[in-house]
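**Student:** Here is a sequence together with a model predicted from it:
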Amino acid sequence: MKNMNWLYFALITVACWGLYGIFLHAGQMGMADKELGRYKAFLFVGIAYFLVAVLAPLAILLFSKNMSWNMPPKGMWLSLFAGILGAIGAFFVLVAMGSGIKSGMNPGIVAVLVMSTIFAGAPIVNAVVGIAMHPPKGGIGAIPVPFYIGILLAAVGGFMATKFKPAPAAPPKPAAVEQSADH
């Protein structure tokens, strides 16, 4: 049996990114600042990135045996560019959620729609750019039909999540005020 560790690690990413939008939205709302709450939340996303993506790998590198600090410029620039893309994407998650809320949508529904759209669209972008950068043997014509069906299903999934979003719950009714006999 082949080693399946790659799948377990990928599922950890699925869980983290699946929860990312929910907690990012909750953090934005928790800032209690309708105008600047998304920027405040993004600041803490940056702090988290620093802790997880700077300090943790730095510690691993420092304690690795035979560590070499030789890093080719191509690898550094491409990695930096990837990080910038990730940070811009995270920022626009917040902008999209804030825009939906400003347009009157239920905040919980906005979080679901934004993340559904992202998770439906990102694999399409990944597949198209990946094929453009690393064309398959035999060219575009050699791509199997199930690949195109998968792309179509991802797009349809994003559309269906947006079109058939769940209706928001009714706001709670205010508690009845007891009238005293003196009034």
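**Tutor:** Sure, I can see it.
**Student:** Now for residue 156, how many residues are close by?
**Tutor:** 11 (other Cβ atoms under 10 Å). From N, CA and C alone the C-beta is placed, and that goes for glycine too.
**Student:** Correction: the previous question concerned residue 18.
**Tutor:** 11.
**Student:** Who are the packing partners of the helix or strand harbouring it?
**Tutor:** In this assignment (DSSP states H and E), residue 18 forms part of helix 5-30. Using 3 or more Cβ pairs under 8 Å, 6 or more residues apart in numbering; DSSP states H and E, the elements in contact with helix 5-30 are helix 37-49, helix 73-102, helix 107-133.
**Student:** So for the shortest one, mean pLDDT?
**Tutor:** Which is helix 37-49. Average pLDDT, helix 37-49: 92.
**Student:** for stretch 135-155, same thing?
**Tutor:** pLDDT averaged over stretch 135-155 gives 88.
**Student:** Then stretch 79-99?
**Tutor:** Here the average pLDDT along stretch 79-99 is 91.
**Student:** mind listing what's buried in stretch 127-145?
**Tutor:** Residues residue 127 are the ones in stretch 127-145 that count as buried (16 or more other Cβ atoms under 10 Å).
**Student:** End to end on that stretch, go ahead and measure it.
**Tutor:** 14 Å (Cα to Cα, to the nearest Å).
**Student:** Show me the contact partners of that stretch.
**Tutor:** 147, 150-151 (Cβ atoms under 8 Å, 6 or more residues apart in numbering).
**Student:** And stretch 9-24, by the same measure?
**Tutor:** 41, 45, 90, 93-94, 97, 111, 114-115, 118-119.
**Student:** Which one of the residues you listed sits in the busiest neighbourhood?
**Tutor:** residue 41 (26 neighbours).
**Student:** now that one: how far from residue 10?
**Tutor:** 27 Å (Cβ to Cβ, to the nearest Å).
**Student:** Quick one: neighbours of residue 7, just the number.
**Tutor:** 10.
**Student:** and what of residue 51?
**Tutor:** Around residue 51 there are 10 residues (other Cβ under 10 Å).
**Student:** for it, phi and psi?
**Tutor:** phi -60, psi -50 (degrees, to the nearest 10).
**Student:** from what I can see residue 110 touches residue 94, true?
**Tutor:** No - applying Cβ atoms under 8 Å, one finds residue 110 not in contact with residue 94, separated by 11.0 Å.
**Student:** Now for these two: what residues contact both?
**Tutor:** Overlap between the contact sets of residue 110 and residue 94, as judged by Cβ under 8 Å, 6+ apart, is nil.
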